[in-house]
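take a look and give me a structure for this.
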Amino acid sequence: MKRLLAICVCFFMCVGLCSCDSSQTRSVSSYNWSLEFITDLDGNMLFSGSVHDDIPVLDLTLSFEEKSFILTDNTHKQELTGTYSLEKIDNSSSKLGLTFENLEEPVTGVYGTRVYSDDSESATITLQTDENILSFVGEDS
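Predicted structure coming up:
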């Protein structure tokens, strides 16, 4: 009886451990982040990170180190800095909190992997402010 119990325990441990995804999501600081687009909360396109018809281009980049970040507006030569936190949601996404040095309210977003219909993937950050949604795409650094 004890032997059967030990075999059952080993079996369930093996199944449990094998079903765990041990792959780690890459660190948010391992990417170069560039603006994909900015929309209002209704989804109307306000700015784009690349040239599109009738949509102003805005060159924004986002970089992370340790627990700090820099949001650089290369178009207007401005920088915003602050600290960030990551809280893992699942194997492919994390809640991202940005606290800017000069703003009272923190900005919340999601850092994760976008999967396209052709099964290709890209690292993305989506941030929401009181008025806008900002989407960034990560490229290998």
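
mind telling me what element the residue nearest to the spatial centre of the chain is part of?
When CA atoms, centre = their mean is applied to the chain, the residue found nearest the centroid is residue 111 (1.6 Å). Assigned by DSSP states H and E, residue 111 belongs to strand 107-115.

residue 105 looks like it's in a helix, true?
No. Residue 105 sits outside any helix when classified using DSSP: H, G, I helix; E, B strand; the rest coil, being coil.

tell me how far it lies from residue 62.
In this view, residue 105 and residue 62 are 18 Å apart by CB to CB, to the nearest Å. All C-beta spots, glycine's among them, are computed from the backbone N, C-alpha and C.

settle it for me: which of those two has more neighbours?
Per other CB atoms under 10 Å, whichever of residue 105 and residue 62 has more neighbours is residue 62, with 22 against 9.

what sits closest to that one if chain neighbours are left out?
residue 33 (3.9 Å; CB to CB, 6 or more residues apart in numbering).

also residue 31?
residue 138 (3.1 Å).

count the neighbours of the one you found for me.
19.

partners of the one helix or strand it maps to, with directions?
Per DSSP H and E, residue 138 falls inside strand 132-140. Using DSSP bridges, the strands paired with strand 132-140 are strand 31-40 (antiparallel), strand 121-128 (antiparallel).

re earlier: isn't the residue nearest to residue 62 right next to residue 138, touching?
Yes. Counting by CB atoms under 8 Å, residue 33 does reach residue 138; the two are 5.3 Å apart.

quickly list what's touching both of the two.
residue 125 (CB atoms under 8 Å, 6 or more residues apart in numbering).
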